[in-house]
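In: What shape does this take:
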Amino acid sequence: MTPGPVPAGVADAAALASIHAAAFPPKEAWSATVIALQIETPGSFALLDTRGGMILARAIADEAEVVTIAVRPSARRRGVAHGLLAAAMEMARQNGAVAMFLEVDVENAPARALYGAAGFRQVGRRRRYYSNGSDALILRAWLTPDGGAPDDGE
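Out: Numbers count the residues shown, from 1 in each chain. Next up is the predicted model:
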């Protein structure tokens, strides 16, 4: 089997939760129940990379959102997150979304670099959003073929 993102469903919730738990502090890790509920939400989808990564996203109308993305520490710096993000962006595009949003800790330089390389740009900020008191940056990427805004050429 070629490594890379594949669709995941409720039956994969335990595997997704295991990856999430390895990637996040215990108080921030999501349970299999929470992940299954997220997958069951209309417009939501999950992708699993058997090398140790997962992403949950949703696409509603013309907007999509990355709900969470996680990669096991042992699988980092191997293109897993990049592949998951690219696949989620394509899936959202196929579901009619023209823009994708996400939130990232202002202090998370590796994640910010990943998102920047994928075309995400800051469009907002949530002050003291995370439990550690740090701000969340709100990022957006256009899902158009040229990466620009669909109407105004942004």
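
In: Poorly predicted segments of this protein, please.
Out: Applying pLDDT under 70 to the chain flags the ranges 1-2, 152-154.

In: which helix is the longest one in it?
Out: The residue-count maximum for a helix in the chain (DSSP state H) belongs to helix 80-94.

In: What separation is there between the residue nearest in space to the middle of the chain and residue 140?
Out: The centroid of the chain falls nearest to residue 66 when counting by C-alpha atoms, centre = their mean (3.7 Å). Applying C-beta to C-beta, to the nearest Å, the value for residue 66 to residue 140 is 11 Å. (Glycine included, C-beta is placed from N, CA and C.)

In: Find residues that contact each of those two.
Out: Counting by C-beta atoms under 8 Å, 6 or more residues apart in numbering, the common neighbours of residue 66 and residue 140 are 100, 101.

In: before we move on, back to that, show the contacting residues for the residue nearest to the centre of the chain.
Out: For residue 66, the contact set (C-beta under 8 Å, 6+ apart) comprises 55, 56, 57, 85, 88, 100, 101, 102.

In: can you check residue 135 too?
Out: Per C-beta under 8 Å, 6+ apart, neighbours of residue 135: 105, 106, 125, 126, 127, 128, 129.

In: what separates it from residue 29, distance-wise?
Out: With C-beta to C-beta as the criterion, residue 135 and residue 29 are 22 Å apart.

In: that older thread, let me have the contacts of residue 66 in a markdown table, extended by neighbour count and distance to residue 74.
Out: Below are the contacts of residue 66 laid out as a markdown table (neighbours: other C-beta atoms under 10 Å; distance: C-beta to C-beta, whole Å):
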| residue | neighbour count | distance to residue 74 |
| --- | --- | --- |
| 55 | 27 | 18 |
| 56 | 24 | 21 |
| 57 | 27 | 24 |
| 85 | 26 | 19 |
| 88 | 27 | 22 |
| 100 | 26 | 27 |
| 101 | 16 | 29 |
| 102 | 23 | 24 |
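
In: which among these gets closest to residue 19?
Out: Distance to residue 19 across the contacts of residue 66 (C-beta to C-beta) is lowest for residue 55, with 9.8 Å.

In: three-state assignment of the closest one?
Out: strand (DSSP: H, G, I helix; E, B strand; the rest coil).
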